[in-house]
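Student: Any chance you can model this:
(chains A, B, C and D)
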Protein chains: 2
Amino acid sequence: MTDTRNDLLDLAENSIRRRGYHAVSFRELADELGIKSASVHYYFRQKEDLGLALVERYTASFFDTLNENIGNAEDVPTKIEAFCKTYAFALKGSEKICLCGILGAETSGLPSQLSEQVSQFFQANIDWVHNVLATDVNTKAARSMAQSIVAALQGAMMLSVSLNDPQILDSAINTITNDVEVLSQ
Amino acid sequence: MTDTRNDLLDLAENSIRRRGYHAVSFRELADELGIKSASVHYYFRQKEDLGLALVERYTASFFDTLNENIGNAEDVPTKIEAFCKTYAFALKGSEKICLCGILGAETSGLPSQLSEQVSQFFQANIDWVHNVLATDVNTKAARSMAQSIVAALQGAMMLSVSLNDPQILDSAINTITNDVEVLSQ
DNA sequence: AATTCTCTATCTATCGATAGATAGGCTTGA
DNA sequence: TCAAGCCTATCTATCGATAGATAGAGAATT
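Tutor: Numbering: from 1, shown residues only, chains lettered A, B, ... in the order given. Predicted coordinates:
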């Protein structure tokens, strides 16, 4: 993995998380790295390949951070809190929403493989939360709850950025942890 | 207000809600209406003007529908349910998220007036919910709750579309109405 | 006759993508 | 050991397509 390739991924992730897939161009990325746009095609044949690499890396990194945050937590509310914090960490200070959050919003405008990979990220998120909740709650309610939790976090990131108020994500996390405590009693 | 102008607004709203601001072009809109892209500039001098007109119309229409849905409801949970249904109606069957949902996600890539107007839509949403809740709950908690509700709805629309599962929005609405019932007791 | 609407024609800027070249490092086999 | 050949990373130059935007002519409506 070259430095340049990594720099391209970092730069592209940043830009896309702020402005969306279609607002980011190879030329812009190249300019910011002081290379030519043709050289970007050396690393990613098509723009879609860049997008796919981004989501792949993002998903892996998300679940790595999640596992770190979980540590040796045992009870359900603590685990869910760790999940929420993994999201909060992604936003913190950066004014960027989740990569898959913005790509999910653009779904119909993305190459189909890319939107597919984005929905897999969400599915994996929901499955993870569902799995944690299912020890305490019946599976049907747990599934709905898991969906609602991921949805609430994604929406809160977007609102936080649009209203430039990071506290909104904190409020959402409070609501979630309250719900989970009530449910798992 | 010409037919063509209205058709342009309808078409643009549809396309942007599916694919985002930067994925939609004047040429594409013109082609679909059987006119030339130069004619689109007759109605909207710049793309930003189209965006502003869209958000303005969308906001007005949203609060109109909301007022219809409220009817003569009195109690807090019923009003919040009506608010949620106003969102649900926007998604229903169309596989489109909220116009301001996608524009909010793209915030940093939008002309500044446009992103400002989008954040005003959200602020108006939160204020409305806050106002309803404040009769039952102390204002600080009501503010947080209002933010969480709008966030949860926005996130649920995005997830519903990305995972092609409209039931996710229903789950989110269930969670919200539960929270409100508990809170306003 | 004046206003409203759409057109043709065109501009500049940028898009993603490709071809072909080059400089320099690495590998490998005589 | 050293030359031949391949690999990496980048370049220049260009492609066709599309972007948003404009000026001004012509048609349609009132």
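
Student: Tell me where chain A is predicted with low confidence.
Tutor: Filtered on pLDDT under 70, chain A yields the residue ranges A:1-2, A:185.

Student: in it, which spans are helices?
Tutor: Remark: helices assigned in chain A by DSSP state H are A:3-19, A:26-33, A:37-43, A:47-70, A:76-91, A:99-105, A:112-133, A:139-162, A:167-183.

Student: can those go into a markdown table with extra columns for mean neighbour count and distance to B:Q117?
Tutor: (C-beta placed from N, C-alpha, C; glycine too.) As requested, the helices of chain A are exported to a markdown table (neighbours: other C-beta atoms under 10 Å in any protein chain shown; distance: least, C-beta to C-beta, whole Å):
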| stretch | mean neighbour count | distance to B:Q117 |
| --- | --- | --- |
| helix A:3-19 | 18 | 17 |
| helix A:26-33 | 16 | 26 |
| helix A:37-43 | 15 | 33 |
| helix A:47-70 | 17 | 29 |
| helix A:76-91 | 20 | 23 |
| helix A:99-105 | 27 | 18 |
| helix A:112-133 | 19 | 27 |
| helix A:139-162 | 25 | 11 |
| helix A:167-183 | 20 | 19 |
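
Student: which stretch among those helices comes nearest B:G34?
Tutor: Among those, helix A:112-133 comes nearest to B:G34, with 28.3 Å by C-beta to C-beta.

Student: Report the inter-axis angle for that closest one versus helix B:139-162.
Tutor: With axes from the mean of the first three to the mean of the last three C-alpha atoms, to 10 degrees defining the directions, helix A:112-133 sits at 130 degrees from helix B:139-162.

Student: Spit out the contact partners of the residue nearest to A:N174 when sequence neighbours are not counted.
Tutor: Of all residues not flanking A:N174 in the chain, B:S144 sits nearest, at 6.8 Å (C-beta to C-beta, 6 or more residues apart in numbering or on different chains). Contact analysis of B:S144 by C-beta atoms under 8 Å, 6 or more residues apart in numbering or on different chains lists A:S171, A:N174, A:T175.

Student: For A:D10, see how far away the spatially closest residue to A:D7 that is not a sequence neighbour is.
Tutor: Sequence neighbours aside, A:L33 is the residue nearest to A:D7 in space, at 5.6 Å (criterion: C-beta to C-beta, 6+ apart). In this view, A:L33 and A:D10 are 10 Å apart by C-beta to C-beta, to the nearest Å.
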